[in-house]
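Engineer: return a 3D structure for these sequence lines:
(one chain, ligands or ions: 1)
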Amino acid sequence: MGKRMFTGLQPSGQSLHIGNYLSAIKGVLALQDTHECILCVVDYHAITVPYDPNVLRRFTLNIATEYLAAGVDPERVTMMVQSDVPEHTELAWLMGCLMPVPKFEQLPTYKDKRARYGTASFGLLAYPILMAADILIYKAHTVPVGRDQLPHIEFAREVARKFNHTFGETFPEPEARINAGAYIPSLDGKGAMSKSAKNGSIDLSDTANTVQDKLARAVTDPARVRRTDPGEPHNCPVYAIHVCYTPQGMLAQLAQGCREAAIGCLECKRILAQEIISDLAPLQARRRELLARPQRVREILAQGAATARPRARETLSEVRQRMGLD
Ligand code: TYM
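Structural biologist: Residues are numbered from 1 along each chain as shown. Below is the predicted model:
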């Protein structure tokens, strides 16, 4: 097993949403048999914007619980919390010294969050170098992510190239792994589904009723004002989610029904709600069991950090030596 995979998710919401699940978590599930896998709750990334310490603690445990509920096998995947392996931040400092400031300022996440909060911490600016360090410290080859993370993966590749060029061949250039769920739109029609936007997301913790309610309120193709107006599925966020859940035959029928106004949006949403509810049911049953055993989840995270740390130390000492710091 030569290939390594790393990915991370921020504990910035009380539950993951289906976008996180379909892109990153399903990516891990697809690789856990063939790759050496490390899956991280990136708490140091979550503190780059204003947050509440007590809430962060709870979210960190919840997100780890959801990894397990989704089917991540802790026997095969090293599951850890970023701040339990502080070598990540030391590597981030070392790598940060290689990269010019304008590269950081150009990244879309930085620009978006600075605009949203009206200001930016140094941590928010430095965010991509910590993400690069997360990946490079394990010399990971593959990084399953959603589409929004592609600029950050490109940045990490640049960091690897720069380091290799300056100090000698050390890191593989990590590659993003993108699948069909790489971009799940928000139900309110405003950009991508996100953990912080209320009602714009379907969360792994949502009950059947909540899924139905949220979908009932979701925006669809704006051209379909009345039931009799034909629509274009590719302009509809609900259809974009259908693509990830609904079998091909039914999907083709829905697309045709929409274009011919033979099916209404409500019916189309009802079908999607059923697909999502039945997909989430086994995950939610495991989630409930695990929420009752937080100590078990903490043990898995402690074990994960104990496995990851020597690996991280090894890379760090190689880097320190190459940089003349040993
Ligand atoms: P985060 O926590 O914002 O998102 C976690 C993962 O979910 C994906 N994602 C989506 N996929 C499809 N549709 C959406 N609407 C959607 N929203 C989010 C993200 O692309 C991501 O894969 N910077 C990262 C966390 C991170 C990381 C890393 C990832 C830190 N270090 C190292 C990979 C490798 C982030 O904020 O993800």
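Engineer: any chance you could map the strands in this protein?
Structural biologist: Per DSSP state E, the chain has strands spanning 4-9, 36-41, 77-81, 142-144, 175-177. These are given in chain order.
Engineer: wait, which of those strands is closest to residue 290?
Structural biologist: strand 77-81 (12.3 Å; C-beta to C-beta). C-beta coordinates here come from the backbone N, C-alpha and C atoms, glycine included.
Engineer: give the buried residues for the lowest-mean-pLDDT helix or strand in the chain.
Structural biologist: Every helix and strand in the chain was compared by mean pLDDT, DSSP states H and E; the lowest is helix 108-117, with a mean of 94. Residues of helix 108-117 classed as buried under the neighbour-count rule (16 or more other C-beta atoms under 10 Å) are 109, 110, 113, 114.
Engineer: got CSV for these, with distance to residue 210 too?
Structural biologist: Formatted as CSV, the buried residues of helix 108-117 follow (distance: C-beta to C-beta, whole Å):
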residue, distance to residue 210
109, 28
110, 33
113, 27
114, 32
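Engineer: just give me the closest of those residues to the ligand.
Structural biologist: Nearest to the ligand among the buried residues of helix 108-117: residue 109, at 7.2 Å, using C-beta to the nearest ligand atom.
Engineer: the closest one against residue 120, yeah?
Structural biologist: No - at 10.6 Å, residue 109 does not count as touching residue 120 under the criterion of C-beta atoms under 8 Å.
Engineer: pLDDT weak spots in the stretch 1-150 of the chain?
Structural biologist: For the stretch 1-150 of the chain, residues meeting the criterion pLDDT under 70 lie at 1.
Engineer: could you tell me which residues of it lie near the ligand?
Structural biologist: 6-10, 19-20, 23-24, 42, 45, 131, 134-135, 143, 145-146, 148-149 (C-beta under 6 Å from any ligand atom).
Engineer: what sits against the residue nearest to residue 228 when sequence neighbours are not counted?
Structural biologist: Distance criterion C-beta to C-beta, 6 or more residues apart in numbering; nearest residue to residue 228, sequence neighbours excluded, is residue 261 at 5.3 Å. Residue 261 sits next to 224, 227, 228, 229, 230, 231 when contact means C-beta atoms under 8 Å, 6 or more residues apart in numbering.
Engineer: the second one touches residue 267, doesn't it?
Structural biologist: No - Residue 227 sits out of contact with residue 267 when judged by C-beta under 8 Å, with a separation of 9.6 Å.
Engineer: excluding chain neighbours, what is closest to residue 20?
Structural biologist: That would be residue 9: by C-beta to C-beta, 6+ apart, it lies 5.8 Å from residue 20.
Engineer: what's the burial count for that neighbour?
Structural biologist: By other C-beta atoms under 10 Å, 25 other residues sit near residue 9.
Engineer: distance of it from residue 270?
Structural biologist: Residue 9 sits 30 Å away from residue 270, going by C-beta to C-beta, to the nearest Å.
Engineer: next: residue 46.
Structural biologist: Counting by C-beta to C-beta, the separation of residue 46 from residue 270 is 35 Å.
Engineer: likewise residue 105?
Structural biologist: 46 Å.
Engineer: residues in contact with residue 295?
Structural biologist: Per C-beta under 8 Å, 6+ apart, neighbours of residue 295: none.
Engineer: can you pull the pLDDT of it?
Structural biologist: Note for residue 295: predicted pLDDT of 98.
Engineer: quick one: the helices in the stretch 51-200 of the chain?
Structural biologist: 53-69, 87-96, 101-105, 108-117, 122-136, 150-167 (DSSP state H, counting those that start in this stretch).
Engineer: and the last one, how far out from the chain middle?
Structural biologist: Taking the mean C-alpha point of helix 150-167 and that of its whole chain, the gap between them comes to 20 Å (C-alpha atoms, centre = their mean, to the nearest Å).
Engineer: that one vs helix 122-136, what angle?
Structural biologist: Here helix 150-167 points in a direction 70 degrees away from that of helix 122-136 (axes from the mean of the first three to the mean of the last three C-alpha atoms, to 10 degrees).
Engineer: helix 150-167 - contacts with which helices or strands?
Structural biologist: Using 3 or more C-beta pairs under 8 Å, 6 or more residues apart in numbering; DSSP states H and E, the elements in contact with helix 150-167 are helix 108-117, helix 122-136, strand 175-177, helix 294-322.
Engineer: so can I have a markdown table of those showing distance to residue 62?
Structural biologist: Below are the helices and strands packed on helix 150-167 laid out as a markdown table (distance: least, C-beta to C-beta, whole Å):
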| stretch | distance to residue 62 |
| --- | --- |
| helix 108-117 | 22 |
| helix 122-136 | 20 |
| strand 175-177 | 25 |
| helix 294-322 | 9 |
